[in-house]
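A.B. asks: Pasted the sequence and its predicted model underneath.
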Amino acid sequence: RFTCTVRPYSGPGWYNVSVRHVTESDVRSAVAPAAAVARVRDALRTAPPEPASIALTEGVNVRAQVARDGDVVAALAQGSARAGDGAVLAVFGANGHAAAVIEADWLTRLAAAAAAAVAAAHLAPAGSQRVGVVGDGPLADAVEQCLPETLDVKALRRGDLPDAHALVRDATLIVTATRA
C-alpha cells in the first residue's frame, strides 16, 4: 500500500488517500499465460459493450481503456515513446475511491501475446509447429509462454530483427513480437 496526499477538484483542503500498489512481480505471479489465453478467447467470442480505447491526445501514443464489472471500474492507461513504454491500471471501488494501482506493463504484453497465440492457433497448419519468433524483448517472452497454450510447439527459435532470416528459415509458423 502507498499513501499520497491529494487536493480535491472542488472544496478546500488536502486529504490522504491510501491505495494498494500491485507491482509487476505481483502481476507476473498472479496471471498465468493459460488464463490470459482463455480470457482473450472469451473476449473474441463476444462484442465489446463500449469502445476498446479512447484517444487522449492526438499525435501522441497515449490511450486509455475503461472496463466495468458491477460496481468496480478499472482504467488502463498506456503510453509509449521511442525510449520505452508503460502502462498502469487503476481500479476504483463502488464508492468511487481508488482501490488499487497496478503496474500493468506485463499484463498488457501478456494480453497481446495471448491474442497472438489464439490467432496463431487458427492460422497454423495442422500438427506440431516449428515456431520462429522475431523479437527478443519482454513481448517475445510473453509470446513464448502463451504459444504452448494454443499449439503443439515442437521447436521455438527467437531473436532480433537482423536475425529474422535464420529464425524463420524452416519455421511452420512465424510470430512477430516487436514494438514496430
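C.D. replies: Received it, and whenever you're ready, just let me know what you need. Keep in mind that this is a model prediction, so the values were computed, not measured.
A.B. asks: got the contact list for the longest helix along the chain?
C.D. replies: Under DSSP state H, the helix in the chain containing the largest number of residues is helix 105-123. The contact list for helix 105-123, computed with C-beta atoms under 8 Å, 6 or more residues apart in numbering, reads 24, 27-28, 31, 33, 36-37, 39-41, 44, 76, 78, 85-87, 89, 138-139, 141-143, 145-147, 149-151, 173, 175, 177. For the C-beta atoms, the positions are set from N, CA and C on the backbone; glycine is no exception.
A.B. asks: Filter the residues you listed down to the buried ones and express that as a ChimeraX selection.
C.D. replies: If you want just the buried ones from the contacts of helix 105-123 in ChimeraX, going by 16 or more other C-beta atoms under 10 Å, the selection is:
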select :27,31,33,36,37,40,41,76,78,85,87,89,138,139,141,142,143,145,146,147,149,150,151,173,175,177
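A.B. asks: Please flag which of the contacts of helix 105-123 sit within helices.
C.D. replies: Per DSSP H, helices hold the following members of the contacts of helix 105-123: 24, 27-28, 33, 36-37, 39-41, 44, 138-139, 141-143, 145-147, 149-150.
A.B. asks: So what's the residue count around the residue nearest to residue 71 when sequence neighbours are not counted?
C.D. replies: Counting by C-beta to C-beta, 6 or more residues apart in numbering, residue 94 is the residue found nearest to residue 71 once chain neighbours are left out, at 3.5 Å. Using other C-beta atoms under 10 Å, residue 94 has 10 neighbouring residues.
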